[in-house]
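Undergrad: here's a sequence, model it:
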Amino acid sequence: MTPSYNVARALLRDAAARASPCGGGSPSRAASFRSAAAVGGGGGGGVSGGSAAALRRPRPRPSLPYRVLGRPSRPLSTAALDLPPSKQAPDQTVSKNINADAPEEPQRRKTSQVKISEVLKRKHTLRWVEPVISENATVRDAISLCIDRKLNGMMVVGSVPERRSATRTVTEPKQKCVGLITSRDILRMMAEGIKDGKTSEQILELRVSERMTPIDQVIYGRPDETIGMCRAIMAKLGIKCLPILSEGRVEGVLTGRDFSDFYFDAKDRGGKQNYLRDVSERVGLTTDTSMAEPPVFVRQHLALRHAPLFLNVGVAEHPHPFKSQEGIGSSRSDFGPQDLATDPDLSEDAHFVSEVELLDESGTNLQKLLYMGVADGVGSWREYGVDPREFSHKLIGECENVLEEASSHGESGEKTNWISPAELLARSYERTKGANVIGSSTACVALFDSVHHQLHFSNIGDSGIIVLRHIDSDVASALQRNRQTPRAERKSDLRIAFVSQQQLKSFNHPFQMGWTGEEVVGGNSSFKQASDSCTSSVHILRGDIIIMATDGLFDNVDVEEIATVALQWEQEGGFIDNTGGITARDRRWASGDSLTDVSARSIWKLAEALCQRARENSLDNSIDSPFALLAKENDIMWSGGMPDDCTVIAMHVVGKHSN
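TA: All right, here's what the predicted structure looks like:
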């Protein structure tokens with residue numbers, strides 16, 4: 001240690017002691033470090049950079065001269081401690097000597113703030129692998145490429161023929177992207193082939209183009225975006241591979257592992273020190289290792305997993321408040337002095353709920369299945385002399401017809417396998433188009449499987465589904481736990497367990513199913529097929545509340561407010577006590593008291609309450625509705641709600657069939 005270094009340290013201790021509110025005294029070395037951790041900024045590599053307090057409440061803080069304990073990272077000056085001039089050390093030459101002896105260390109950035117272009121550059125520098133596969137390739141080819149090239153996803157490319165003009169031959173890009181295939185897609189192809197009874201050879205010869213994500217549905221990132229932004233997109237949408245698009249070209253495909261690898265050098269992976277620290281003490285399981293029992297709260301649900309669940313369903317439908325047989329008023333004054341519209345026949349929304357008996361997934365046993373759906377006719381068709389109600393009502397009517405015909409088993413008496421929501425939408429759309437019904441609508445169709453406790457759905461546009469569930473704070477995950485409200489003041493643990501993804505071309509311009517009298521050609525159309533729908537499944541638990549609705553609800557009532565209305569309904573019906581907890585409910589279930597009949601008689605009240613709340617909010621110009629907030633994010637000035645038709649299908653999951 002150099003003399004100048006000792007002098008600098010002595011000056012620092014003396015200055016810190018004089019700056020202390022407790023008066024003089026030379027602080028100990030440990031106390032100096034604690035002081036640095038409390039005051040030092042959250043910059044990369046500093047003492048407080050990884051502290052929990054800094055992560056919880058990031059705020060600007062004055063910086064101390066030390067970034068790494070015991071090593072100066074910039075010229076030392078007691079002025080850094082914000083001392084008055086009279087108490088600053090006169091000898092400023094000491095810091096220069098220290099800076100010469102100890103070179104400044106590079107500041108470490110937060111991974112979330114790193115540009116994607118840097119990640120791509122590092123990945124390609126270390127190992128260049130072309131993440132592409134031909135659209136004619138088979139599953140066998142895809143498996144080999146994934147293993148040999150260590151890929152989780154590949155762009156599917158098609159061959160582009162040469163174009164000949166009168167003067168010269170024009171060559172298009174050789175590798176035109178037509179889709180994306182991931183290792184997860186390949187596993188799904190194999191699983192579906194096994195279910196369909198195909199041989200291993202038949203499965204391996206399937207073409208990847210049959211299961212790839214079409215190019216117009218691929219989610220992508222940009223080089224100037226950050227790791228944090230792209231990670232958030234991947235987590236929210238549940239995707240594991242993110243193509244990076246720049247000037248119409250895919251520069252590469254990134255995965256979560258690429259982001260994690262970005263800050264690890266080769267020296268961080270190999271060598272004795274890393275092996276002893278990372279591997280030696282955590283490698284190898286003993287022969288008597290076993291799986292732990294599920295937690296108590298999980299065992300309670302597992303005990304019921306073989307028992308079927310049932311849905312009590314209630315429906316409410318309100319037309320646009322300013323709608324009449326003559327048309328729609330743009331405001332209350334334009335509508336006139338009469339009462340607000342209440343006739344559901346005026347609504348451009350349509351809905352259905354049908355219980356049918358079809359063969360289960362195995363194709364051997366008959367099973368009762370509950371289908372439900374909503375459709376919202378696009379009102380702008382009125383400008384072309386087309387009634388927007390016709391298409392949505394026809395589409396929903398055909399859904400009911402398809403299910404009724406399937407459950408009747410036809411003249412031959414042959415039993416029909418269960419129909420997926422996407423397939424039901426596709427069949428209904430073809431019938432609607434065949435009847436030459438002009439118009440378009442958004443659509444959301446779902447199927448409840450009471451045996452496997454699954455809700456399957458397909459959604460096109462801005463209608464959707466939310467699932468509400470009581471999740472106790474003691475067992476909730478970090479993201480689901482309510483950290484804002486103290487436990488003693490919390491009214492309930494009713495959480496938003498699931499929100500379906502909506503599909504929009506742009507703000508207030510949802511994708512839709514439609515027919516103009518002829519096929520619409522072009523990738524820029526708002527019209528989509530059932531195969532383009534957002535299709536997924538949600539595991540359902542006893543006590544859940546499921547809300548399916550058109551945008552008239554979601555544009556005017558925030559999901560948290562929907563949960564509040566649902567909790568009020570639960571408490572009024574006695575399903576949850578006034579504390580909002582689930583302890584009393586679980587005891588009631590254990591004693592066999594499910595209140596199923598009470599639920600069946602009152603569930604319509606929840607649907608009606610939500611429709612009524614949507615109407616109230618749509619007419620209130622003083623609130624910032626979800627529609628208004630989204631409008632402002634898109635540079636559109638809007639205040640208040642969005643008057644519209646509103647249809648709500650409310651469902652309560654119970655353990656017994658109602659009488």
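Undergrad: if L369 is in a bridge, with which residues?
TA: V356 (DSSP bridges).
Undergrad: was I right about A307 contacting G655?
TA: Yes - assessed by Cβ atoms under 8 Å, A307 is found in contact with G655 at 6.5 Å. In short, each C-beta sits where N, CA and C put it, glycine included.
Undergrad: which one's more surrounded, these two?
TA: Ranked by neighbour count (other Cβ atoms under 10 Å), A307 and G655 place G655 first, with 15 against 12.
Undergrad: tell me the pLDDT of that one.
TA: If you check G655, the pLDDT there is 88.
Undergrad: equivalent analysis for T289, please.
TA: pLDDT, T289: 88.
Undergrad: repeat that for T364.
TA: Looking at T364, its pLDDT is 76.
Undergrad: please work out how many residues are found near it.
TA: Using other Cβ under 10 Å, the number of residues around T364 comes to 8.
Undergrad: I147 sits in which helix or strand?
TA: helix 139-149 (DSSP states H and E).
Undergrad: quick one: buried residues of that helix?
TA: The neighbour-count check on helix 139-149 (16 or more other Cβ atoms under 10 Å) flags V139, D141, A142, L145, C146 as buried.
Undergrad: how about stretch 192-206?
TA: Using 16+ other Cβ under 10 Å as the test for burial, stretch 192-206 gives G193, I203, L204, L206.
Undergrad: which one of the residues you listed is nearest to T416?
TA: Lowest distance from T416 to those (Cβ to Cβ) belongs to G193, with 22.4 Å.
Undergrad: show me what contacts the closest one?
TA: By Cβ atoms under 8 Å, 6 or more residues apart in numbering, G193 lies in contact with Q202, I203, L206.
Undergrad: tabulate these (TSV), appending pLDDT and distance to D265.
TA: Formatted as TSV, the contacts of G193 follow (pLDDT from 0 to 100; distance: Cβ to Cβ, whole Å):
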residue	pLDDT	distance to D265
Q202	94	46
I203	94	41
L206	94	41
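Undergrad: can you tell me which of the buried residues of helix 139-149 is nearest A350?
TA: V139 (40.9 Å).
Undergrad: what strand or helix carries the closest residue to F527 other than its chain neighbours?
TA: Using Cβ to Cβ, 6 or more residues apart in numbering and skipping the chain neighbours, the partner closest in space to F527 is G514 (4.8 Å). Element membership of G514 [criterion: DSSP H and E] is strand 513-515.
Undergrad: helices or strands up against the helix or strand just after that strand?
TA: Using DSSP H and E, the helix or strand that follows strand 513-515 towards the C-terminus is strand 534-539. Applying 3 or more Cβ pairs under 8 Å, 6 or more residues apart in numbering; DSSP states H and E, we find strand 534-539 packed against strand 454-460.
Undergrad: continuing past the strand it packs on, what's the next helix or strand?
TA: Downstream of strand 454-460, the next assigned helix or strand under DSSP H and E is strand 464-470.
Undergrad: and that next one, which strands flank it?
TA: If you go by DSSP bridges, strand 464-470 pairs up with strand 494-499 (antiparallel), strand 545-549 (antiparallel).
Undergrad: identify the residues contacting it?
TA: Strand 464-470 is contacted by residues 444, 446, 455, 457, 459, 492-502, 538, 540-541, 543-549, 554, 559, 562-563, 566, 576, 582, 585 when judged by Cβ under 8 Å, 6+ apart.
Undergrad: buried ones from those, can you make that a ChimeraX selection?
TA: Entered in ChimeraX, the line below selects the buried ones among these, by 16+ other Cβ under 10 Å:
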select :444,446,455,457,459,492,493,494,495,497,498,500,502,538,540,541,543,544,545,546,547,548,549,554,562,563,566,576,582,585
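Undergrad: output the helix holding I147 as CSV, nothing but the C-alphas.
TA: Provided in CSV are the C-alpha atoms of helix 139-149 (Å, rounded to 0.1, in the frame of the first residue of the first chain):
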residue,chain,number,x,y,z
VAL,A,139,-39.6,-33.3,-38.3
ARG,A,140,-36.6,-35.6,-38.6
ASP,A,141,-34.6,-32.8,-40.2
ALA,A,142,-35.7,-30.2,-37.6
ILE,A,143,-34.6,-32.5,-34.7
SER,A,144,-31.2,-32.9,-36.2
LEU,A,145,-30.7,-29.2,-36.8
CYS,A,146,-31.8,-28.3,-33.3
ILE,A,147,-29.3,-30.7,-31.8
ASP,A,148,-26.4,-30.1,-34.2
ARG,A,149,-26.7,-26.3,-34.2
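Undergrad: how far away is T416 from G197?
TA: Counting by Cβ to Cβ, to the nearest Å, the gap from T416 to G197 is 18 Å.
Undergrad: swap that for M291, please
TA: For M291, the distance to G197 (Cβ to Cβ) stands at 32 Å.
Undergrad: list the buried ones in stretch 614-627?
TA: Applying 16+ other Cβ under 10 Å to stretch 614-627 flags A614, R615, N617, S618, L619, S625, P626, F627 as buried.
Undergrad: ends of that stretch, how far apart?
TA: 12 Å (Cα to Cα, to the nearest Å).
Undergrad: gap between that stretch and the chain center?
TA: Centre-to-centre, stretch 614-627 and its host chain are 25 Å apart (Cα atoms, centre = their mean, to the nearest Å).
Undergrad: one more: stretch 628-648?
TA: With Cα atoms, centre = their mean as the basis, stretch 628-648 stands 21 Å off its chain's centre.
Undergrad: run me through the strand neighbours of whichever helix or strand comes after the helix holding I147, direction for each.
TA: Moving toward the C-terminus from helix 139-149, the next helix or strand (DSSP H and E) is strand 153-158. Using DSSP bridges, strand 153-158 pairs in its sheet with strand 132-134 (parallel), strand 176-182 (antiparallel).
Undergrad: save those strands as a markdown table, and put in mean pLDDT and mean neighbour count too.
TA: As requested, those are exported to a markdown table (pLDDT from 0 to 100; neighbours: other Cβ atoms under 10 Å):
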| stretch | mean pLDDT | mean neighbour count |
| --- | --- | --- |
| strand 132-134 | 93 | 21 |
| strand 176-182 | 93 | 21 |
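Undergrad: mind checking which of those strands is nearest M229?
TA: Nearest to M229 among these is strand 176-182 (19.5 Å), distances taken as Cβ to Cβ.
Undergrad: list the contacts of the closest one.
TA: The contact list for strand 176-182, computed with Cβ under 8 Å, 6+ apart, reads 133, 135, 142, 152-160, 208-209, 211-215, 218, 240-241, 243, 250, 253.
Undergrad: following the chain onward from it, which element is next?
TA: Next helix or strand after strand 176-182 toward the C-terminus (DSSP H and E): helix 183-195.
Undergrad: give the rounded mean pLDDT of that next one.
TA: Rounded mean pLDDT across helix 183-195 is 92.
Undergrad: kindly report the same for stretch 442-462.
TA: 94.
Undergrad: can I get the CA coordinates of it in PDB?
TA: Extracted in PDB, the C-alpha atoms of stretch 442-462 (Å, rounded to 0.1, in the frame of the first residue of the first chain):
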ATOM      1  CA  THR A 442     -65.000 -10.000 -33.300                       C
ATOM      2  CA  ALA A 443     -65.600 -13.400 -31.700                       C
ATOM      3  CA  CYS A 444     -64.700 -15.400 -28.600                       C
ATOM      4  CA  VAL A 445     -65.700 -19.000 -28.100                       C
ATOM      5  CA  ALA A 446     -64.900 -21.300 -25.200                       C
ATOM      6  CA  LEU A 447     -65.400 -24.900 -24.100                       C
ATOM      7  CA  PHE A 448     -65.500 -26.000 -20.500                       C
ATOM      8  CA  ASP A 449     -64.200 -29.600 -19.800                       C
ATOM      9  CA  SER A 450     -65.700 -30.500 -16.400                       C
ATOM     10  CA  VAL A 451     -63.700 -33.700 -16.100                       C
ATOM     11  CA  HIS A 452     -60.200 -32.300 -16.700                       C
ATOM     12  CA  HIS A 453     -61.100 -28.900 -15.200                       C
ATOM     13  CA  GLN A 454     -60.000 -27.100 -18.400                       C
ATOM     14  CA  LEU A 455     -61.400 -24.000 -20.100                       C
ATOM     15  CA  HIS A 456     -60.400 -24.100 -23.800                       C
ATOM     16  CA  PHE A 457     -61.000 -20.900 -25.900                       C
ATOM     17  CA  SER A 458     -60.300 -19.200 -29.100                       C
ATOM     18  CA  ASN A 459     -60.500 -15.400 -29.500                       C
ATOM     19  CA  ILE A 460     -60.300 -13.000 -32.400                       C
ATOM     20  CA  GLY A 461     -60.400  -9.300 -31.700                       C
ATOM     21  CA  ASP A 462     -61.000  -7.400 -28.500                       C
END
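Undergrad: appreciated, that's everything.
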